[in-house]
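> based on what follows, work out the 3D shape:
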Amino acid sequence: MKNYKLNNEMTKKIALITGITGQDGTYLTKLLLSKGYEVHGMQRRTSRLNNERLDTIYQEAFMANSGLFIHFGDLSDAGILIKLLQQIQPDEVYHLAAMSHVQVSFDQPEYTADINATGTLRLLEAIKIAGLCQKTKFYQASTSELFGNAAKSPQGESTPFHPTSPYAISKLFAYWMTTNYRNSYGLFACNGILFNHESPLRDESFVTRKITMAVAKIGLGRQKTLYLGNLNAKRDWGHAEDYVEAMWLMLQKNKPDDYVIATGASTSVREFVEKSFDIIGIKLQFEGTGTAEKGYCLSSKNSLYPVKKNSLLVAIDPQFYRPTDIEWLIGDTTKAKEELQWEARTSVDSLVHEMVISDIQSVLNQINTVK
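Below is the predicted model of the structure:
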């Protein structure tokens, strides 16, 4: 059996991260390496490796011999999960891998259930089979989507769940299964009920990054119109880099518990769009309602590319509406503040600014590469 420990440092903490190539996995890897962890990541084997986010961190870790290892594995394969856990013997497991796109879950409900629900069960059972229930601490990436259209706002740990999508329902199964293994087998297991968290590393299929990338392209004359779904939906948006710290803090406690992680502030999709255009000096004016609503350029001080007044910049495409949608989510982080001493550091305005500026640079890099 391969020994992954570096330099015989038997006291070095070992962490396994599923979904390490994603937004949260990348920020968490950076955090754990900075704290001296040996980090193991599990990623799916595909024809195109998705390591772009991790590349810089991996190179730095390699040069510093600080301990970052990537393993191929899949939540649909119980055998490889057991094998990895037996080999790595992690002190902490951060389960971030999932089919995480709510809209796609309506089109692929069976796959969503297999990966998010049964996949979590396979991982928990693998921990038990490997004999690690008394050694390993387990973090389950839960979601504010569990609350659905909750009757109570803000939503906290005691707010009743009312999932409204295949994604949320699959995550509800994972939530309760995590709780079950905690109660039944003494596993130190925590559910982090994270509200929406974004960053420049967010995939472009998610609405926030779709918005900021489109704004960057419009500002540089590479796109004319941004097409969206429900502009009225309100979300509690924070920064992923802040939120991975909360994940780590949960596993440093003496007793496992579940925590809501959020900013406590809510912003509509429309407001997120307006804030994004503000960064490039464009003021919007919205007209109409429902699917007929449109956003026009009211004024422009854009120094990147001239945008004419009254240009159509935002329009609604009904295909982006979900069969059932959540109108308003906002988190109550009282418990996290009191017990974890954690609170969000990044405002939504700072988040939007960082994402738009990053995407402008990304588009400029693409333009310069073509040239």
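> kindly export the helix or strand containing I193 (C-alpha atoms) in PDB.
Assigned by DSSP states H and E, I193 belongs to strand 188-194. What follows is strand 188-194, C-alpha atoms only, in PDB (Å, rounded to 0.1, in the frame of the first residue of the first chain):
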ATOM      1  CA  PHE A 188     -18.000  13.400  13.400                       C
ATOM      2  CA  ALA A 189     -20.100  14.700  10.600                       C
ATOM      3  CA  CYS A 190     -21.300  18.200   9.900                       C
ATOM      4  CA  ASN A 191     -23.700  19.700   7.300                       C
ATOM      5  CA  GLY A 192     -22.700  23.100   6.100                       C
ATOM      6  CA  ILE A 193     -25.900  24.700   4.800                       C
ATOM      7  CA  LEU A 194     -24.200  27.200   2.500                       C
END
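> which elements pack onto it?
Packing partners of strand 188-194 (3 or more Cβ pairs under 8 Å, 6 or more residues apart in numbering; DSSP states H and E): strand 137-143, helix 166-185, helix 240-250, strand 259-261. C-beta: built from backbone N, CA, C; applies to glycine.
> can you list contacts of the longest helix seen in the chain?
Scanning the chain for the helix with the most residues, using DSSP state H, yields helix 348-370. For helix 348-370, contacts defined as Cβ atoms under 8 Å, 6 or more residues apart in numbering pick out 198-200, 202, 208-209, 212-213, 215-217, 219-220, 222, 237-239, 263, 265, 267, 272, 275-276, 279-280, 304.
> of those residues, grab the buried ones for PyMOL.
Selection of buried members from the contacts of helix 348-370 for PyMOL, criterion 16 or more other Cβ atoms under 10 Å:
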select buried, resi 198+199+200+202+208+209+212+213+215+216+217+219+220+237+238+239+263+265+267+272+275+276+279+280
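> so which of the contacts of helix 348-370 are in strands?
E198, G238, H239, T267 (DSSP state E).
> now do the contacts for the last one.
The reference is to T267. Counting by Cβ under 8 Å, 6+ apart, T267 has contacts K234, R235, D236, W237, K275, V348.
> dump the residue contacts of the fourth one.
Spelled out, that is W237. Per Cβ under 8 Å, 6+ apart, neighbours of W237: F195, N196, H197, E198, T208, T263, T267, F272, V348, L351.
> let's see 6 Å
N196, E198, T267, V348 (Cβ atoms under 6 Å, 6 or more residues apart in numbering).
> and the residues you listed, which is closest to D257?
For the contacts of W237, the minimum distance to D257 (Cβ to Cβ) is 22.0 Å, reached by N196.
> that closest one and K234 touch, don't they?
No - N196 is beyond contact range of K234, at 10.3 Å (criterion: Cβ atoms under 6 Å).
> surely K234 and S266 touch.
Yes - applying Cβ under 6 Å, one finds K234 in contact with S266, separated by 4.6 Å.
> can you map out the helices along the stretch 51-200 of the chain?
55-64, 78-88, 102-107, 109-112, 119-129, 166-185 (DSSP state H, counting those that start in this stretch).
> what's the closest of the ones you listed to W248?
With Cβ to Cβ as the criterion, W248 lies closest to helix 55-64 of these, at 15.9 Å.
> for the record, mean pLDDT for that closest one?
For helix 55-64, mean pLDDT rounds to 57.
> again with stretch 21-30
Here the average pLDDT along stretch 21-30 is 95.
> chain center to stretch 209-228, what's the gap?
22 Å (Cα atoms, centre = their mean, to the nearest Å).
> cool, and stretch 73-82?
Centre to centre, stretch against its chain (Cα atoms, centre = their mean), the figure for stretch 73-82 is 22 Å.
> which helix or which strand is home to G25?
G25 is part of helix 23-34, with elements assigned from DSSP H and E.
> buried ones in that helix, by neighbour count?
Q23, D24, G25, T26, Y27, L28, T29, K30, L31, L32, L33.
> name the helices or strands packed onto it?
Packing partners of helix 23-34 (3 or more Cβ pairs under 6 Å, 6 or more residues apart in numbering; DSSP states H and E): strand 38-43, helix 55-64, helix 240-250.
> the longest helix of the chain to helix 240-250, inter-axis angle?
120 degrees (axes from the mean of the first three to the mean of the last three Cα atoms, to 10 degrees).
> what about helix 348-370, average pLDDT?
94.
> what's the average pLDDT for stretch 161-174?
pLDDT averaged over stretch 161-174 gives 96.
> and G295, that's in a strand?
Yes - counting by DSSP: H, G, I helix; E, B strand; the rest coil, G295 is found in a strand.
> leaving out chain neighbours, which residue sits closest to it?
V314 (3.1 Å; Cβ to Cβ, 6 or more residues apart in numbering).
> and that neighbour, bridged to which residues?
L226, G295 (DSSP bridges).
> before we move on, back to that, make TSV out of the buried residues of helix 23-34 and add distance to Y181.
Listed next are the buried residues of helix 23-34 as TSV, based on distance: Cβ to Cβ, whole Å:
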residue	distance to Y181
Q23	26
D24	22
G25	22
T26	27
Y27	26
L28	21
T29	25
K30	28
L31	25
L32	23
L33	28
